[in-house]
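Chemist: please work out how this folds:
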Amino acid sequence: MDVLSGNQPAPGEMENLPFPAQTRQAAGVIGGVQTDVMAVSFSDKILVTISQNGRLAHWLHVPLENTNPATTVLGGRSGELESIGHLYACQIANAIATKNPSEKRLLVVGLGLDKLDADRDIFFGIIDLVLRCI
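Modeler: This next block holds a predicted model:
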């Protein structure tokens, strides 16, 4: 099968392809703000986005195959934003590793929090949405 040329696969051939990537979404109002979470499972990485009011401004990655901490890839210039981003990324990585200890893909987290709020209820509300997706 040649996907790029537009040739159609034979019936049943699609079952063995890694596409489309498995995608799950969850949404809710957390702390009075519409919050959307999406997890996309690629063959080499897991992408989790957390968006409030359509924002995505801070990107981090966490290698699940070793004990390296979260690393900011884009955004997160303020110390508080950086810390909160690392907290979310590490918590999500821990949840994935707990669910599947043999998971070795790279976790990429996109955050778009409307306001920086270290409130415990907001944190756990957002993590609950993430847990519905992973």
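Chemist: can you pull up the most central residue in this structure?
Modeler: V48 (1.0 Å; C-alpha atoms, centre = their mean).
Chemist: how close does that residue get to G79?
Modeler: 23 Å (C-beta to C-beta, to the nearest Å). No exception for glycine: its C-beta is placed from N, CA and C like everyone else's.
Chemist: who's in contact with F123?
Modeler: With contacts defined as C-beta atoms under 8 Å, 6 or more residues apart in numbering, the neighbours of F123 are 87-88.
Chemist: confidence score at it?
Modeler: With respect to pLDDT, F123 has a value of 95.
Chemist: and it, that one's in a helix?
Modeler: Yes: counting by DSSP: H, G, I helix; E, B strand; the rest coil, F123 falls inside a helix.
Chemist: quick one: strands adjacent to the helix or strand containing D36?
Modeler: Using DSSP states H and E, D36 falls within strand 33-41. Strand 33-41 pairs in its sheet with strand 22-30 (antiparallel), strand 45-52 (antiparallel), by DSSP bridges.
Chemist: contacts for the longest one?
Modeler: The contact list for strand 22-30 (C-beta under 8 Å, 6+ apart) reads 34-41, 52, 122, 125-126, 129-130, 132-134.
Chemist: what are the ranges of the strands in the chain?
Modeler: 22-30, 33-41, 45-52, 58-63, 71-74, 106-112 (DSSP state E).
Chemist: please produce TSV containing these, extended by mean pLDDT and distance to Q91.
Modeler: Output for these, formatted as TSV (pLDDT from 0 to 100; distance: least, C-beta to C-beta, whole Å):
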stretch	mean pLDDT	distance to Q91
strand 22-30	96	15
strand 33-41	97	13
strand 45-52	97	11
strand 58-63	93	10
strand 71-74	71	15
strand 106-112	95	10
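Chemist: export the ones you listed to JSON lines and tack on distance to I96?
Modeler: Shown next, in JSON lines, are the strands of the chain (distance: least, C-beta to C-beta, whole Å):
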{"stretch": "strand 22-30", "distance to I96": "13"}
{"stretch": "strand 33-41", "distance to I96": "9"}
{"stretch": "strand 45-52", "distance to I96": "7"}
{"stretch": "strand 58-63", "distance to I96": "9"}
{"stretch": "strand 71-74", "distance to I96": "16"}
{"stretch": "strand 106-112", "distance to I96": "6"}
